[in-house]
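Trainee: Starting from these lines, generate the structure:
(chains A and B)
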Amino acid sequence: MSSQIYKRIRENPRFDELAGKRSRFALLLTAIVLVSYYCLMMLVAFAPDVLRTPISEGGMLTIGVPIGAVIIIGSWLLTGWFVARANGEFDRINEELIREASK
Amino acid sequence: MIKLRQLIGAACLGMAGSLAYAADAVGEAQKQPLNMTAIMMFFVFVLSTLGITYWAASRTKTTSDFYTAGGGISGFQNGLAIAGDYMSAATLLGLSALTFSKGLDGFIYAIGFFVGWPVILFLMAERLRNLGKFTFADIASYRLDQNRIRTFAAFGSLTVVCFYLIVQMVGAGQLIKLLFGLDYPIAVTVVGVLMVVYVTFGGMIATTWVQIIKACLMLFGGTALLYLSLAQFGFSLESMAAKAVEVHKDGIKIMGPGSLMADPVTAVSLSLGLVFGTAGLPHIMMRFFTVPNAKEARKSVFVASGCIGYFFMVVCILGLAAISIVGTNPAYFEGGVVGGKIIGGGNMPVMHLSMALGGNLFLGFMSAVAFATILAVVSGLALAGASAIAHDLYARIIRKGSASENEEMRVTKFATLALGVVAVVLGIAFEKQNVAFLVGLTFGIAASANFPVLILSMYWKGLTTRGALLGGLIGLLSAVTLVILSKSVWVTVLGNAEPLFPYEQPALFSMPLAFFFTWLFSVTDRSERARKEIDAYDDQYVRSQTGVGAAAASAH
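Mentor: Okay, the predicted model is just below:
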């Protein structure tokens, strides 16, 4: 029975649209997270002095601290964005697809 | 260079949820006097978790309850449990110790071990939930040869579980000796017995709740300690940093990238190897099967990465606070020499910080949390091991699916008991051994044998049984070989002068090998079966994307 459903879902053009959209979105967010992390590592490797710049004149905290915090908090917010979109917009399309296919 | 490697290894182990570094740093530490406060608090924890186990036992009737809590854990609960798996005692101790000695470097390390979680969410969480039932072998053998791939995956899981259990047991024994003043064999036996009780009676429900309680205790303890630390500096991170720079032997250098980051290539590749190793750990993957659907699976990673990110940042601040609070107090150094050896080993700054700011009561609490952490992690491991034995090897391969629910349940109990005995016996046997190599092996095998097969079976249509089997075996063999040639075995265990393989983590090299040969042996596979397996991908793809067919797996 399920093999019939799989076939019907696969033949629905909206399935490709859903899968494509969701995969592209996931890959985009993965790229943002990894690129920002690797940029930080590049700074560490080739321009460590940048990270040693104090935040304020005469202060001890360097901009390395907020940059690191932004990467952690920022990528967490991206997971939030992904979950919101996947559990809302994408899952609605998904449910419609399944409903149409099981008719 | 050796120092650097040790620190990188330490960070790796710390993040990985292993206690090996704790064991390492503690080494032959003298047994401390009995810490009654800590023991009392731990006693309260054990009593309440046993209460939960009693309640969970009444709800653990079927194999599905046992393996995955019947798929009835909510995304939020599962998120806390995943965070609990990742926020180990060694994270608390190792990461704060790294910031304590190296400053900003510790924080940069923490980031490397955090970024894997969002990536796991984006690329894996949904498909894992939609395809999996009880074990990761279910996914790997979804459209491939049931017998061979399932056997391979089950043995991959079991190997990882056994090695990791030994590492945890040895770390637990050393840590408990230090924090509680209990004898090593007693500590290991207590951990083993409690683990068997939780898992055999309470299954995944009890294991999950132990993990959730422990995660909450850890977040609470960390936050309380953060509050107490910040209060010392008028709630100003700037003045905390200023004071740390003033008293640290490296001065202002601690606020920028330092010696630890001198070799960022090693650092980055290590963090990557670790991420994929984590994604290939059977007890982590199992967590995705405990939620009812992909929606909840996604939510759980959101909750987990929030907790993990928060906790990592807190722990780094604690390390910074410890620089001026612990680092200047002769009471925490052996012989009272400030800047000398820290009492209890290099991993102890955050424990001393608890003592300094919260007194013996708070130290007792933090010690109890550390013990609870070990229990939670070994329980998850035992459950993953028991499911590989009972579900994969017994029910699917030996009995070909003809075993009744009762028979399979009985096997889960025996399997858990056997794993408990193995863990305690080997834990005691390895007391005086340096077990760092087992961590390399665990993550190497998880990243090079389990992970490639898993990810390719989900993402690559062309994967065939032959490719998965041969590629996985090559990943396994190369990981084991490289660990043997690395410093932790070649030099430390076998006594040679120089390691033949300069890195501690083999995944960077063994993983590409596994991927390459899996690809090669798959594309050259012209058999009839291979064609069928490739055709079966289309249905699998629809299921992985939409979850059709997956819900039944959970309700069953």
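Trainee: B:N434 contacts B:L494, correct?
Mentor: No: judged on CB atoms under 8 Å, B:N434 makes no contact with B:L494 at a distance of 11.8 Å. Glycine gets a C-beta too; all of them are placed from N, C-alpha and C.
Trainee: More neighbours: the two, which one.
Mentor: B:N434 (16 against 10; other CB atoms under 10 Å in any protein chain shown).
Trainee: wait, what's in contact with B:Y332?
Mentor: Neighbour list for B:Y332: B:326, B:342-343, B:348, B:352, B:356 [criterion: CB atoms under 8 Å, 6 or more residues apart in numbering or on different chains].
Trainee: tell me which of the residues you listed is nearest to chain A?
Mentor: B:V326 (18.7 Å; CB to the nearest CB).
Trainee: my guess is the closest one meets B:F100, correct?
Mentor: Yes: using CB under 8 Å, B:V326 is in contact with B:F100, at 7.4 Å.
Trainee: higher neighbour count, the two?
Mentor: B:F100 (29 against 24).
Trainee: Check whether that one really touches B:I325, as I assumed.
Mentor: No: between B:F100 and B:I325 there is no contact under CB under 8 Å: 10.2 Å.
Trainee: For whatever residue of the stretch 151-300 of chain B ends up closest to chain A, grab the count of nearby residues.
Mentor: Closest contact between the stretch 151-300 of chain B and chain A, by CB to the nearest CB, is at B:G256 (3.5 Å). Using other CB under 10 Å, B:G256 has 21 other residues around it.
Trainee: got the contact list for it?
Mentor: A:48-49, A:51-52, A:62, A:64, B:103-104.
Trainee: what would the residues you listed look like in JSON lines with pLDDT, neighbour count and distance to B:L217?
Mentor: What follows is the contacts of B:G256, written out as JSON lines (pLDDT from 0 to 100; neighbours: other CB atoms under 10 Å in any protein chain shown; distance: CB to CB, whole Å):
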{"residue": "A:P48", "pLDDT": "85", "neighbour count": "17", "distance to B:L217": "38"}
{"residue": "A:D49", "pLDDT": "87", "neighbour count": "10", "distance to B:L217": "41"}
{"residue": "A:L51", "pLDDT": "89", "neighbour count": "21", "distance to B:L217": "34"}
{"residue": "A:R52", "pLDDT": "89", "neighbour count": "17", "distance to B:L217": "37"}
{"residue": "A:T62", "pLDDT": "91", "neighbour count": "23", "distance to B:L217": "33"}
{"residue": "A:G64", "pLDDT": "91", "neighbour count": "25", "distance to B:L217": "31"}
{"residue": "B:G103", "pLDDT": "90", "neighbour count": "30", "distance to B:L217": "28"}
{"residue": "B:L104", "pLDDT": "91", "neighbour count": "28", "distance to B:L217": "28"}
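Trainee: and of those residues, the nearest to B:K249?
Mentor: B:G103 (11.0 Å; CB to CB).
Trainee: State the distance from the closest residue in space to that closest one that isn't next to it in sequence to B:K102.
Mentor: Using CB to CB, 6 or more residues apart in numbering or on different chains and skipping residues adjacent in sequence, the residue nearest B:G103 is B:I254, 2.7 Å away. Distance, B:I254 to B:K102, using CB to CB, to the nearest Å: 7 Å.
Trainee: Hmm, A:L61 and A:I55 touching each other?
Mentor: Yes: contact between A:I55 and A:L61 holds when scored by CB under 8 Å: they sit 5.1 Å apart.
Trainee: Mind checking which of those two has more residues around it?
Mentor: Using other CB under 10 Å as the criterion, A:I55 and A:L61 rank with A:L61 on top: 20 against 14.
Trainee: Run through chain A and note the low-pLDDT ranges.
Mentor: Within chain A, the stretches with pLDDT under 70 are A:1-2.
Trainee: All the helices of it, residue numbers only.
Mentor: A:2-11, A:13-46, A:48-51, A:64-85, A:91-102 (DSSP state H).
Trainee: Tell me which stretches of the stretch 301-450 of chain B form helices.
Mentor: Secondary structure of the stretch 301-450 of chain B, counting by DSSP state H, counting those that start in this stretch: helices at B:349-387, B:405-429, B:436-445.
Trainee: quick check: angle from the first one to helix B:405-429?
Mentor: If you take axes from the mean of the first three to the mean of the last three CA atoms, to 10 degrees, helix B:349-387 sits at 140 degrees to helix B:405-429.
Trainee: can you give me how far helix B:349-387 is from the chain middle?
Mentor: In terms of CA atoms, centre = their mean, to the nearest Å, the centre of helix B:349-387 is found 14 Å from the chain centre.
Trainee: average model confidence for that helix?
Mentor: Mean per-residue pLDDT for helix B:349-387: 90.
Trainee: Give me the buried positions along that helix.
Mentor: B:349-358, B:362-387 (16 or more other CB atoms under 10 Å in any protein chain shown).
Trainee: got a pLDDT number for B:M261?
Mentor: 61.
Trainee: check contacts around B:A449.
Mentor: Contacts of B:A449 (CB under 8 Å, 6+ apart): B:156, B:280, B:472-473, B:475-476, B:479, B:514.
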